[in-house]
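Visitor: Dropping the sequence and predicted coords here.
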Amino acid sequence: MSVSYSSSSWRAQAGERMLRSPSVVLAVVVLALLMLAALLAPVLTPHRPFDLETLDLLSARLPPGWIEAGEWRHVLGTDGQGRDVLASIMYGLRVSLIVGVASVTVSLLVGVTLGVIAGYCGGLLDALVMRACDVMLSFPPILVALLVDGIGRMLVPGGHDAVAVVVLVIAIAMTGWVQYARTTRASTLVEREKDYIAAARLIGVGSLGIIRRHLLPNVMGPVMVLATLQFGTAILIEATLSFLGVGVPSTSPSLGTLIRIGNELLLSGDWWIALFPGAVLVLLVLCINVVGDALRDALNPRLR
């Protein structure tokens, strides 16, 4: 006696397995709260970091509110310019999330397109795409990002700050697309040999129709898991570049920029300026990785 499960019922069971884990539920809730805080930053806080009109140098380097010299209106303290640390974190989350989402989206579109075409067509095109992947894997992502940022500064010497986020997205996507291309190609090589692809060819469906209606829906499962995990990696790369001073401009709040500012004052005893942005960055990436791992287990076909 055999029992068959439809794809919809299997997906429902996969979602139930994810929600049974308290750690996954907690990660989803924390991630949602962080994204909500970033989205509603102008509403939730009256302070505008990196806005010269709102700076108060008399309130500079105040400790957190629960320490004796602190003030509760600056619950996480202030930095050397009088900027509220909590408000800076909220606005910094917006920049980090925007760069992460944009870079992952660009990487996914480029990588999936090249991977599906290479896996379906094969031959010389497949070899060219895979050799391009091998070349890109030979360079560390940070090195490629530094190179792209340097080229951007050379091409736009006076207005680099205005396009810094775009340059940063391109720099991260330059190496991010490789994983999507390799994953999609491997799945496409398996799917193209199955009977439903041969049946589609027999009834006259063109290559574009087969890719769009049959291959893509069946290879996107691993890609979505990879995108979730790469989202955290993109945020870390952005934070690293901003910490090094080659990411977003210093006039824009970013978690990496905030950590760099706090690191300069760390030896002076102002530990809170670097600690809280760093803790939020770790918490954000940790929650993304927990959700990504749970999604990978939930979509594993061996668990059907």
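Guide: Yep, it's here.

Visitor: give the contact list for L266.
Guide: L266 makes contacts with 273-274, as judged by C-beta atoms under 8 Å, 6 or more residues apart in numbering. Where C-beta positions appear, they are placed from N, C-alpha and C, glycine not excepted.

Visitor: whoops, Q230 was the one
Guide: Q230 neighbours (C-beta under 8 Å, 6+ apart): 104, 107, 176, 179.

Visitor: Apply 10 Å and report the result again.
Guide: Neighbouring residues of Q230 by C-beta atoms under 10 Å, 6 or more residues apart in numbering: 100, 103-104, 107-108, 111, 172, 176-177, 179-180, 223, 237, 288, 292.

Visitor: now P141
Guide: By C-beta under 10 Å, 6+ apart, P141 lies in contact with 171-172, 174-176, 178, 233-234, 236-237, 240-241.

Visitor: Please tell me the pLDDT value assigned to it.
Guide: We have a pLDDT of 78 for P141.

Visitor: What of G278?
Guide: So G278 comes in at 91 (pLDDT).

Visitor: which residues does the residue lying closest to it once chain neighbours are set aside contact?
Guide: Take G278 and drop its neighbours on the chain: the residue closest to it by C-beta to C-beta, 6 or more residues apart in numbering is I259, 5.3 Å away. For I259, the contact set (C-beta under 10 Å, 6+ apart) comprises 92, 239-240, 242-243, 266, 273-278, 280-281.

Visitor: If we use 8 Å, what do you get?
Guide: Taking C-beta under 8 Å, 6+ apart, one finds 239, 243, 274, 277-278, 281 in contact with I259.

Visitor: Likewise for M174?
Guide: So M174 contacts 136, 144-145, 148 (C-beta under 8 Å, 6+ apart).

Visitor: Looking at these, which one is closest to D195?
Guide: For D195, the nearest member of the contacts of M174 is M136. The distance, counting by C-beta to C-beta, is 34.8 Å.

Visitor: Need the three-state assignment for A127.
Guide: At A127 the chain is in helix, as set by DSSP: H, G, I helix; E, B strand; the rest coil.

Visitor: Tell me how many other residues surround it.
Guide: 11 (other C-beta atoms under 10 Å).

Visitor: Ok, the one 5 residues further on next?
Guide: Summarising burial for A132: neighbours were counted as other C-beta under 10 Å, giving 15.

Visitor: Looking at it now. What's its pLDDT?
Guide: On the pLDDT scale, A132 gets 90.

Visitor: With I170 instead?
Guide: 86.

Visitor: Can you give me the buried ones in the helix or strand hosting it?
Guide: With elements taken from DSSP states H and E, the one containing I170 is helix 164-191. Buried residues in helix 164-191, counting neighbours by 16 or more other C-beta atoms under 10 Å, are found at 164-165, 167-185, 187-189, 191.

Visitor: Can you name the secondary structure element that comes next after that helix?
Guide: Assigned by DSSP H and E, the successor of helix 164-191 is helix 195-202.

Visitor: List the buried residues for that next one?
Guide: For helix 195-202, by 16+ other C-beta under 10 Å, it's 197, 200.

Visitor: from the chain's centre, how far out does it sit?
Guide: When distances are taken as C-alpha atoms, centre = their mean, to the nearest Å, helix 195-202 is centred 37 Å away from the chain's centroid.

Visitor: try stretch 227-247
Guide: A distance of 7 Å separates the centroid of the chain from that of stretch 227-247, by C-alpha atoms, centre = their mean.

Visitor: Check stretch 252-259 too.
Guide: For stretch 252-259, the distance to the chain centre is 16 Å (C-alpha atoms, centre = their mean).

Visitor: For the contacts of P141, please prepare a markdown table with the additional fields distance to R20.
Guide: What follows is the contacts of P141, written out as a markdown table (distance: C-beta to C-beta, whole Å):
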| residue | distance to R20 |
| --- | --- |
| A171 | 39 |
| I172 | 34 |
| M174 | 39 |
| T175 | 36 |
| G176 | 32 |
| V178 | 34 |
| T233 | 27 |
| A234 | 29 |
| L236 | 29 |
| I237 | 33 |
| T240 | 35 |
| L241 | 38 |
